[in-house]
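Participant: build me a structure from this.
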Amino acid sequence: VDVSRYLDPKAQRQNITISLKDNMLTKRKDELYSIDDIITNDNTMLEVKDKIKKVSKTNSTVLIYGATGTGKELVAQSIHKLSDRSDMPFVSQNCAAIPSTLLESILFGTVKGSYTGADNRKGLFEVAQGGTLFLDEINSMEIGVQAKILKAIEEKRIRRVGGIEPIDIDVRIISAVNEEPRKAIKEGRLREDLFYRLSVVQINIPSLKERRRDIKLLTNYFIDEYNRIMNRKIIGISEEVEEIFQNYSWPGNVRELKNVIEGAFNLTSGNLIQVKDLPDYLKNRDFDCESRIEESLGKIPLNAMVEEYERKIIEIALNKTNSKAEAAELLKISKQLLKYKMDKYGL
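Facilitator: The predicted structure follows:
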């Protein structure tokens, strides 16, 4: 892969975002996400937003932990945009997207003649000078490169591949992992010393299934967004679709929800998104229920799994009815028992 045009020295002067993710897309600075783009009513996510505001005022390293699709780069960009470095480059690299043999050259740069075809070229540390370097999926990076990253952070200087002269760097490092860091360390995918250096501040992003009260909020947000983009006038989703959304496990998280809404916009002919407009896999709710149970086995005790499903059933009944009395009748239980369970689950 020829990355030379993405490592042009002009990039730093133009304050653009260089992303080697998704076939090396390049964004302008004014296209960066801000904290206002984090749409939530969830208490845990509100705490994440509060952390973003606090850590943006320092230069400490930040490690973001979250499953694929939860919005790790959104958090990283928000930190950068609120920081004193906001007028300097934000450079993003997905470490899983580039072969390890090429990654070192991309990060540290090259000296002409260091290998066949090598030229004098800046690496991402130099491109990000004065700004922020975001290293996504760092747990997928080859261990040898991790050691060099650690050395660069500790010494605040790098050497280009094939170079002799050290180059001083002033870069804030934000990194991300898509699996529990301790597990990655135990299984040899993440150096323990690098983890400690990168996680001066750790921000954990919950999965979408852990912030279910945000599903409706995000659904409406994406509907508004695609109404603008596609010049449509969709007003919402049907009750059946809402029920599916609330009971689906969303393994692809917020990104999956956004893609489902976009796909529905391509298919719906009315002003409401209907079940027929959804992907086939979402219509097969029994399969999803089975997959969620299999995913939870060995991780969550049986009583906790039963309570989770009970809470969801009660929540659905409350959403489908206009009063507690109607919900109790629908569930075939007494109003007193319903009130007890609502208090138990904070509904």
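Participant: skipping adjacent residues, who's closest to the spatially most central residue of the chain in space?
Facilitator: Nearest to the geometric centre of the chain sits residue 71, at 2.3 Å (CA atoms, centre = their mean). Excluding its sequence neighbours, the residue lying closest to residue 71 (CB to CB, 6 or more residues apart in numbering) is residue 254, at 5.7 Å. Bear in mind the C-beta positions are built from the backbone N, C-alpha and C, glycine included.
Participant: show the pLDDT at the one you found.
Facilitator: Per-residue confidence (pLDDT) for residue 254: 96.
Participant: residues of the host helix or strand of it that come out buried?
Facilitator: Under the criterion of DSSP states H and E, residue 254 resides in helix 253-267. Under the neighbour-count criterion of 16 or more other CB atoms under 10 Å, helix 253-267 has 253, 254, 256, 257, 258, 260, 261, 264, 265 buried.
Participant: possible to save those residues as JSON lines with distance to residue 280?
Facilitator: Shown next, in JSON lines, are the buried residues of helix 253-267 (distance: CB to CB, whole Å):
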{"residue": "253", "distance to residue 280": "20"}
{"residue": "254", "distance to residue 280": "21"}
{"residue": "256", "distance to residue 280": "14"}
{"residue": "257", "distance to residue 280": "17"}
{"residue": "258", "distance to residue 280": "18"}
{"residue": "260", "distance to residue 280": "12"}
{"residue": "261", "distance to residue 280": "16"}
{"residue": "264", "distance to residue 280": "13"}
{"residue": "265", "distance to residue 280": "17"}
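Participant: nearest to residue 135, of these?
Facilitator: Within the buried residues of helix 253-267, the smallest distance to residue 135 is 20.2 Å, found for residue 253 (CB to CB).
Participant: gap between the closest one and residue 333?
Facilitator: 33 Å (CB to CB, to the nearest Å).
Participant: over to residue 50?
Facilitator: From residue 50 to residue 333 the distance is 39 Å (CB to CB).
Participant: which of these two has more residues huddled nearby?
Facilitator: Neighbour count, other CB atoms under 10 Å: between residue 50 and residue 333, residue 333 has more, with 15 against 11.
Participant: please enumerate the strands of the stretch 201-347 of the chain.
Facilitator: All strands of the stretch 201-347 of the chain, identified by DSSP state E, counting those that start in this stretch, fall at 201-204, 236-237, 272-273.
Participant: pull stretch 120-139 out as PDB, backbone CA atoms only.
Facilitator: The C-alpha trace of stretch 120-139 is given here as PDB (Å, rounded to 0.1, in the frame of the first residue of the first chain):
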ATOM      1  CA  ASN A 120      12.500  10.300   3.500                       C
ATOM      2  CA  ARG A 121       9.000  10.400   5.000                       C
ATOM      3  CA  LYS A 122       7.400  11.600   8.200                       C
ATOM      4  CA  GLY A 123       5.600   9.000  10.300                       C
ATOM      5  CA  LEU A 124       2.400   9.700  12.200                       C
ATOM      6  CA  PHE A 125       4.200  10.800  15.300                       C
ATOM      7  CA  GLU A 126       5.700  13.600  13.400                       C
ATOM      8  CA  VAL A 127       2.500  14.400  11.500                       C
ATOM      9  CA  ALA A 128       0.700  14.700  14.800                       C
ATOM     10  CA  GLN A 129       3.300  17.000  16.300                       C
ATOM     11  CA  GLY A 130       1.700  19.400  18.800                       C
ATOM     12  CA  GLY A 131      -1.600  17.500  18.500                       C
ATOM     13  CA  THR A 132      -3.100  14.100  19.300                       C
ATOM     14  CA  LEU A 133      -2.300  10.600  18.000                       C
ATOM     15  CA  PHE A 134      -5.100   8.100  18.400                       C
ATOM     16  CA  LEU A 135      -4.100   4.500  18.200                       C
ATOM     17  CA  ASP A 136      -7.200   2.300  17.800                       C
ATOM     18  CA  GLU A 137      -7.200  -1.500  18.500                       C
ATOM     19  CA  ILE A 138      -3.700  -1.300  20.000                       C
ATOM     20  CA  ASN A 139      -4.100  -4.800  21.300                       C
END
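Participant: state the mean pLDDT of that stretch.
Facilitator: Mean predicted confidence for stretch 120-139 is 93.
Participant: now stretch 307-314
Facilitator: 85.
Participant: likewise for stretch 280-299?
Facilitator: For stretch 280-299, the per-residue pLDDT averages 69.
Participant: list the contacts of residue 250.
Facilitator: Residues near residue 250 by CB atoms under 8 Å, 6 or more residues apart in numbering: 207, 208, 209, 215, 256, 257.
Participant: switch the cut-off to 7 Å
Facilitator: Residues in contact with residue 250 (CB atoms under 7 Å, 6 or more residues apart in numbering) are 208, 209, 256, 257.
Participant: find the nearest non-adjacent residue to it, please.
Facilitator: Closest to residue 250 by CB to CB, 6+ apart is residue 208, at 4.2 Å.
Participant: could I get the contacting residues of that neighbour?
Facilitator: Applying CB under 7 Å, 6+ apart, the residues near residue 208 are 215, 250, 253, 254, 257.
Participant: out of these, which one sits closest to residue 154?
Facilitator: For the contacts of residue 208, the nearest to residue 154 is residue 253 (33.6 Å; CB to CB).
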